[in-house]
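Visitor: below are the sequence and a predicted model for it; my questions follow.
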Amino acid sequence: MALRNRREPEELEEKSIEINAEMQGTLSFKDPVNLKVNGKFNGTLEVRGTLTIGNIGFVEAHISGDNIIIGGKVKGDIVAKKMLVLMPTAVLTGNISTPKLNIVEGAIFQGQCHMVEEYLDAEEVAKYLEIETPAILELANTGKIPAQKTGDTWRFERSKIDSWAAAGKIK
């Protein structure tokens, strides 16, 4: 009996949500999602995955997410963990914190920008270095790998991990 195109749950299509209405409150996602806002939103947005503010979207909120693409109007501070893109139709009034920023000609930005180093968690470092997660945690706990502890969570700065690995300290 042949198996047909069976996919594991991780391989299923990404979840997508589109908002074309007026909303307010807090939207927070634990799982990666593609969220597109074409309407009005006021409050707090916390997105894992990609957040897109469409050309006709208007958002007044504190925003945090992995990848953020703005085509409409946004008032509020933004923390993009991976990348922020301001499209030609974007109007952003607020402060930015991101490791990667792309401002396309025509976009309007009023505020301050803080370019931060890209941080990884223990699982991401394990995948990046192809080492088991418990081994990464042991290296962090013994101070043998560059890391910062925030509460109960270890954070690893990618550039320091790259330098550490290039120095041949992986065994």
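Guide: Arrived safely.
Visitor: just want the most central residue of the protein.
Guide: Among the residues of the chain, the one closest to the centroid is D66, at 1.2 Å (CA atoms, centre = their mean).
Visitor: relative to the helix or strand hosting it, what are the paired strands and their orientations?
Guide: Secondary structure from DSSP states H and E places D66 in strand 58-70. According to DSSP bridges, strand 58-70 has the following sheet partners: strand 40-53 (parallel), strand 73-75 (parallel), strand 78-86 (parallel).
Visitor: packing partners of the least confident helix or strand in the chain by mean pLDDT?
Guide: The helix or strand of the chain with the lowest confidence, counting by mean pLDDT, DSSP states H and E, is strand 119-120 at a mean of 82. Identification of packing neighbours for strand 119-120 by 3 or more CB pairs under 8 Å, 6 or more residues apart in numbering; DSSP states H and E yields strand 153-157, helix 158-166. C-beta here means a position set from N, CA and C on the backbone, and glycine is covered the same way.
Visitor: looking at those, which is nearest to T142?
Guide: In terms of CB to CB, the element of those nearest to T142 is strand 153-157, at 12.0 Å.
Visitor: the closest one - what's its average pLDDT?
Guide: Averaging the model's pLDDT scores along strand 153-157 yields 89.
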